[in-house]
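> predicted structure and sequence below. I'll ask about it afterward.
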Amino acid sequence: MDLLNPYNLQVITFIVLNGILAISIYITLMTGQLSLGHAGFMSIGAYTASILTKQADLPLFAALLLGALAAGLIALLIGAPTLKLHGLYLAIATLGFGEVVRVIMLNMEITNGALGLTGLKSIGNTLYEWQKAIGVSAQSVGVSVMQMKALLTLFFLVLLFAVILFLTLRLNRSRIGRAFEAIKADETAAKAMGLQISYYKMLAFIIGSVLAGFCGGLFAHITTTVTPDDFNYHKVVEILSFAVIGGSEIVWGPLFGALLLTSLPELLRSLAEYKMIMYGAIMVLVMAFRPHGLIAADTFQKLFRRRSKQASAAKKEEF
């Protein structure tokens with residue numbers, strides 16, 4: 001089956017991975033913080049997990065968690081001074097942080113400089129070894145070993161994505177989520193209501209950073225290689241585009257943006273080298289005609305209202 005082609009499975013895997021990354025930028029934006037440091041946190045998570053698995057021979061999934069925690073720890077350290085900034089000042093500060101991280105990774109001996117780290121443990125290989133340990137092989141399922149590894153990686157990512165999305169939706173309905181929404185709507189009014197603005201901003205910033213670091217570790221161990229250029233300015237633009245184009249008011253907006261911007265270069269593969277130009281053109285069009293993104297807070301309400309009107313009109317015609 002063409003669908004089980006390892007390349008197609010990998011494309012779907014990266015769509016799911018970018019979906020998790022989109023949730024990370026959404027959580028940061030829930031408090032109205034425009035952070036451009038997610039590529040830097042991805043880099044921290046990726047290199048931490050890679051060094052732990054390659055040089056310390058730590059179990060893969062333990063290294064992924066430690067990479068995510070390392071990103072969260074760095075977010076805690078830089079969050080105190082940077083989150084006092086607002087708007088473009090915060091964006092510039094976090095963008096500078098990402099570039100500092102990239103340059104550090106580029107010049108450190110343990111990261112192998114510009115060449116990066118190669119030959120990393122593969123998530124697919126690890127999962128396949130576990131599967132063989134319980135007596136299930138690729139031949140018994142009727143697929144090749146490469147297809148089975150790609151399928152296992154995809155299933156693992158889908159499971160992670162489902163759990164993270166469920167927790168995000170629960171967060172939206174919780175007291176913390178309502179506090180995030182209040183701060184985003186009017187920070188002064190939220191402070192007057194007794195909300196600890198700095199605490200909730202820091203919490204959103206750390207959660208988003210932990211998810212970005214976790215995505216970095218996943219990326220490194222899906223591709224089995226990581227270089228500083230994987231997390232350059234283009235990655236910053238790509239992550240931000242998920243929320244800008246898809247919309248940042250509800251979680252489905254960045255997820256739709258991730259789906260669109262990850263699949264579009266594959267659908268237009270002959271124009272893949274012009275990916276950043278396409279991102280820019282789409283962003284300009286969205287800003288001109290859909291300033292709140294393709295999926296806004298009232299998009300589904302309008303859709304359901306239109307359908308109910310059509311249904312009621314159809315019933316009237318019957319009578």
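Perfect, thanks for sending it. Numbering: from 1, shown residues only.

> poorly predicted segments of the stretch 201-319 of the chain, please.
Low-confidence segments of the stretch 201-319 of the chain, defined by pLDDT under 70, span residues 272, 300, 303-319.

> would you map the helices across it?
Secondary structure of the stretch 201-319 of the chain by DSSP state H, counting those that start in this stretch: the helices cover 233-246, 252-267, 275-289, 299-318.

> most tightly packed of the ones you listed?
helix 233-246 (a mean of 22; mean count of other Cβ atoms under 10 Å). Where you see a C-beta, it was placed from the backbone N, CA and C, and this is true even at glycine.

> relative to helix 252-267, how tilted is that one?
120 degrees (axes from the mean of the first three to the mean of the last three Cα atoms, to 10 degrees).

> can you list the helices and strands that helix 233-246 packs against?
When contacts are defined as 3 or more Cβ pairs under 8 Å, 6 or more residues apart in numbering; DSSP states H and E, helix 233-246 packs onto helix 6-29, helix 38-54, helix 87-107, helix 252-267, helix 275-289.

> quick one: contacts for Y279?
Taking Cβ atoms under 8 Å, 6 or more residues apart in numbering as the criterion, Y279 is in contact with 237-238, 241, 245, 261.

> ok, so of these, who is nearest V100?
V237 (17.8 Å; Cβ to Cβ).

> from F289, how far off is the closest one?
Distance from V237 to F289, counting by Cβ to Cβ, to the nearest Å: 20 Å.

> wait, which of the helices and strands packed on helix 233-246 is closest to A114?
helix 87-107 (5.8 Å).

> average pLDDT for the closest one, rounded please.
Per-residue pLDDT values over helix 87-107 give a mean of 91.

> measure how it sits relative to helix 38-54, angle-wise.
Relative orientation of helix 87-107 and helix 38-54, computed by the same axes, to 10 degrees: 30 degrees.

> send me helix 87-107 as CSV with only the CA atoms.
Output of helix 87-107 as CSV, limited to C-alpha atoms (Å, rounded to 0.1, in the frame of the first residue of the first chain):
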residue,chain,number,x,y,z
GLY,A,87,4.9,42.8,23.2
LEU,A,88,7.7,43.3,20.7
TYR,A,89,10.3,43.8,23.4
LEU,A,90,9.6,40.3,24.7
ALA,A,91,9.6,38.9,21.2
ILE,A,92,13.1,40.4,20.5
ALA,A,93,14.5,39.2,23.8
THR,A,94,13.3,35.6,23.3
LEU,A,95,14.5,35.7,19.6
GLY,A,96,17.9,36.8,20.9
PHE,A,97,17.9,33.9,23.4
GLY,A,98,17.2,31.4,20.6
GLU,A,99,20.1,32.8,18.6
VAL,A,100,22.4,32.7,21.6
VAL,A,101,21.5,29.0,22.1
ARG,A,102,22.2,28.2,18.5
VAL,A,103,25.6,29.9,18.6
ILE,A,104,26.5,28.1,21.8
MET,A,105,25.6,24.7,20.2
LEU,A,106,27.5,25.7,17.1
ASN,A,107,30.8,26.2,19.1
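
> check which residues of stretch 154-174 are buried.
By 16 or more other Cβ atoms under 10 Å, the buried positions in stretch 154-174 come out as 154, 156-157, 160-161, 164-165, 168, 171-172.

> re the thing from before, closest to I222 out of the contacts of Y279?
E238 (16.5 Å).

> that older thread, narrow the buried residues of stretch 154-174 to those in helices?
Among these, DSSP state H puts 154, 156-157, 160-161, 164-165, 168, 171-172 in helices.

> what residues does F180 make contact with?
30-31, 200, 204.

> buried ones in stretch 180-195?
Within stretch 180-195, the residues that count as buried by 16+ other Cβ under 10 Å are 180, 182-184, 187, 190, 195.

> show the end-to-end separation of that stretch, please.
End-to-end distance for stretch 180-195, by Cα to Cα, to the nearest Å: 10 Å.

> per-residue pLDDT, L3?
pLDDT, read off for L3, is 70.

> which residues does the nearest residue to it once chain neighbours are set aside contact?
Spatial nearest neighbour of L3, excluding adjacent residues (Cβ to Cβ, 6 or more residues apart in numbering): L9 at 8.0 Å. The neighbourhood of L9, defined by Cβ under 8 Å, 6+ apart, consists of 3, 147, 150-151, 153-154.

> look up which helix or strand the closest residue to L4 other than its chain neighbours falls in, please.
Leaving aside its sequence neighbours, L4 sits nearest to Q147 (Cβ to Cβ, 6+ apart; 5.2 Å). According to DSSP states H and E, Q147 maps onto helix 145-173.

> thank you, goodbye.
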